[in-house]
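this one's structure only:
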Ligand code: HEM
């Protein structure tokens, strides 16, 4: 049941200076303290974005899920009132329309074409490949001098190699696509640069699809080309846009979960041992708990109301932007007991780290598989793994759409 908050229920039109969003963090492993304050006292309130707009920030679990489940909120970045993440995101989404920024039925049409590639069953078939890549990367890391950067040696190449295998993108090109996607996910990137990089990446994917039209391959891009481009259900450009979304979404998120998750585990040695030695059920619960606690997609799910909608006792008017802060929902004490603790024994953990509703992460079975393989394998291969620099030297990804640690020097 949605509760009405007496403070939130008064429209705060008198509020002249809404707080800036995203907010600065205190502890780098916790969301900003201001988010918790808003959740407790004004769970639906205006915030100010980089472009001067003042959308509603939704901070409670129940309200976040209500927004994400409600089709009257649109994901279309082109609609007036949509709260953009950055200038770079705006130009990028304008030049490449992908289904993450579309509404049904258009969104569903594209998403349906990929569903068979991401079923739990299909993804389970990739386990041997994920285990092999993990093993090879860990052996290569063991051969490096210590300290080594875990992000560079393991956290980034693992999901990057896996998504390359799945899509059929040559991993040999990883410097190119990793650098481009890093720049596109940086909220400080200038629009011109974002546009250039987006065009280059898109051109690269178009070329990969074109090659498959001439010579079919048995990989996701190959199957999409064979089943949808040849049949003219999709244009070459549309298939390339889908591939581009998967390539970017498929490696940055998981890579940062591996980096930040490892840092968290190294600060909680008892839990690290349980992750290392636990039965699959323990490992699975541990992965869910890290996903909840860290919520690397840390700057909210963004929508715009297409009609007047009642949420948490407030009316969001048609045309107003909302930010459903999943990073705050995942720390809501009304849903999670001791939400700021890393607890592998939660009875229920319906976190929203993968979002909720029709746009809920398509790649979540793959992300889960990678994390369930990566953490225990890393901790088993290096039982004495430790962070090799003082905590204050670590640089966190405050400027990035996906949160994490830029580099994680480790010794073993
Ligand atoms: C730990 C890793 C991951 C996290 C935390 C994550 C998180 C998310 C979130 C929060 C959304 C919802 C976006 C919204 O509501 O606007 C999303 C959507 C999406 N994710 Fe992920 N993701 C992860 C890994 C992956 C992987 C590995 C892939 C692909 C192989 C992927 C592909 C997608 C796609 C295609 C969408 C758009 C779905 C749609 O609009 O229907 N993600 N992800």
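Cool, got the structure. Quantities reported herein were computed from a predicted structural model and do not represent experimental measurements. Numbers count the residues shown, from 1 in each chain.

Using the three-state scheme, assign residue 237.
For residue 237, the assignment made with DSSP: H, G, I helix; E, B strand; the rest coil gives helix.

Which single residue of the stretch 251-400 of the chain ends up nearest the ligand?
residue 363 (2.0 Å; C-beta to the nearest ligand atom). For the C-beta atoms, the positions are set from N, CA and C on the backbone; glycine is no exception.

I'd like to know which residues of the stretch 1-150 of the chain are adjacent to the ligand.
With the criterion set to C-beta under 6 Å from any ligand atom, the stretch 1-150 of the chain comes near the ligand through 75, 99, 100, 111.

Where do the helices of the stretch 201-350 of the chain begin and end?
All helices of the stretch 201-350 of the chain, identified by DSSP state H, counting those that start in this stretch, fall at 220-224, 236-266, 269-277, 280-294, 326-329.

Can you point out the buried residues in the fourth one?
In this case it means helix 280-294. Using 16 or more other C-beta atoms under 10 Å as the burial criterion, the residues of helix 280-294 that qualify are 282, 283, 285, 286, 287, 288, 289, 290, 291, 292, 293, 294.

next one: the last one
Of the residues in helix 326-329, those scored as buried under the neighbour-count criterion (16+ other C-beta under 10 Å) are 326, 327, 328, 329.

Burial check on the spatially closest residue to residue 248 that is not a sequence neighbour, number of neighbours?
Take residue 248 and drop its neighbours on the chain: the residue closest to it by C-beta to C-beta, 6 or more residues apart in numbering is residue 181, 4.5 Å away. A count of nearby residues for residue 181, using other C-beta atoms under 10 Å, gives 22.

re earlier: most neighbours among the residues of the stretch 1-150 of the chain next to the ligand, please name it.
Highest neighbour count within these: residue 99, with 23 neighbours (other C-beta under 10 Å).

OK, contacts around it?
106, 107, 110, 111, 242, 245 (C-beta atoms under 8 Å, 6 or more residues apart in numbering).

Count residues in the vicinity of the third one, would you?
As a burial measure, the neighbour count of residue 110 was computed by other C-beta under 10 Å and equals 20.

helices or strands up against the host helix or strand of it?
With secondary structure defined by DSSP states H and E, residue 110 is part of helix 106-115. Contacts defined by 3 or more C-beta pairs under 8 Å, 6 or more residues apart in numbering; DSSP states H and E place helix 106-115 against helix 220-224, helix 236-266.

and the lowest-mean-pLDDT helix or strand in the chain, how far from the chain's centre?
In the chain, no helix or strand scores lower on mean pLDDT, DSSP states H and E than helix 87-95, which sits at a mean of 84. Distance of helix 87-95 from its chain centroid, counting by C-alpha atoms, centre = their mean, to the nearest Å, is 18 Å.

Quick check: nearest residue in space to residue 220, chain neighbours excluded?
Using C-beta to C-beta, 6+ apart and skipping residues adjacent in sequence, the residue nearest residue 220 is residue 167, 4.9 Å away.

my bad, residue 171
Counting by C-beta to C-beta, 6+ apart, the nearest residue to residue 171 once its immediate chain neighbours are dropped is residue 164, at 4.4 Å.

ok, now how distant is the one you found from residue 382?
In this view, residue 164 and residue 382 are 25 Å apart by C-beta to C-beta, to the nearest Å.

higher neighbour count, the two?
residue 164 (22 against 19).

Can you pull the phi and psi angles for the more buried one?
In terms of degrees, to the nearest 10, the main-chain angles of residue 164 are phi -60, psi -50.

Number of residues surrounding residue 71?
With other C-beta under 10 Å as criterion, residue 71 counts 11.

Do you know the pLDDT at it?
Per-residue pLDDT puts residue 71 at 96.

Please apply the same query to the one 10 residues further on.
For residue 81, the pLDDT comes out at 96.

quick one: it and the ligand, what's the gap?
16 Å (C-beta to the nearest ligand atom, to the nearest Å).

Pretty sure residue 66 sits against residue 312.
Yes - contact status for residue 66 versus residue 312: in contact at 7.4 Å, counting by C-beta atoms under 8 Å.

of all the contacts of residue 99, which comes closest to residue 149?
Residue 149 lies nearest to residue 245 out of the contacts of residue 99, by C-beta to C-beta, at 27.6 Å.

count of residues packed around the closest one?
For residue 245, using other C-beta under 10 Å, the count is 20.

Could you measure from the spatially closest residue to it that is not a sequence neighbour over to residue 237?
Nearest residue to residue 245, sequence neighbours excluded (C-beta to C-beta, 6+ apart): residue 98, at 4.2 Å. As judged by C-beta to C-beta, residue 98 and residue 237 stand 11 Å apart.

again with residue 102
Taking C-beta to C-beta, one finds residue 102 at 15 Å from residue 237.

Compare those two (neighbour count), which wins?
residue 102 (20 against 15).

thought the more buried one was touching residue 79?
No - with contacts counted by C-beta under 8 Å, residue 102 stays clear of residue 79, the gap being 10.9 Å.

rewinding a little: which residues are in contact with the helix holding residue 110?
75, 98-99, 102, 220, 224, 227-228, 233-234, 238, 242, 246, 358-359, 362.

Which secondary structure elements does the helix or strand following that helix sit against?
On the C-terminal side of helix 106-115, the closest following helix or strand by DSSP H and E is helix 120-124. Under the contact definition 3+ C-beta pairs under 8 Å, 6+ apart, helix 120-124 sits against helix 364-381.
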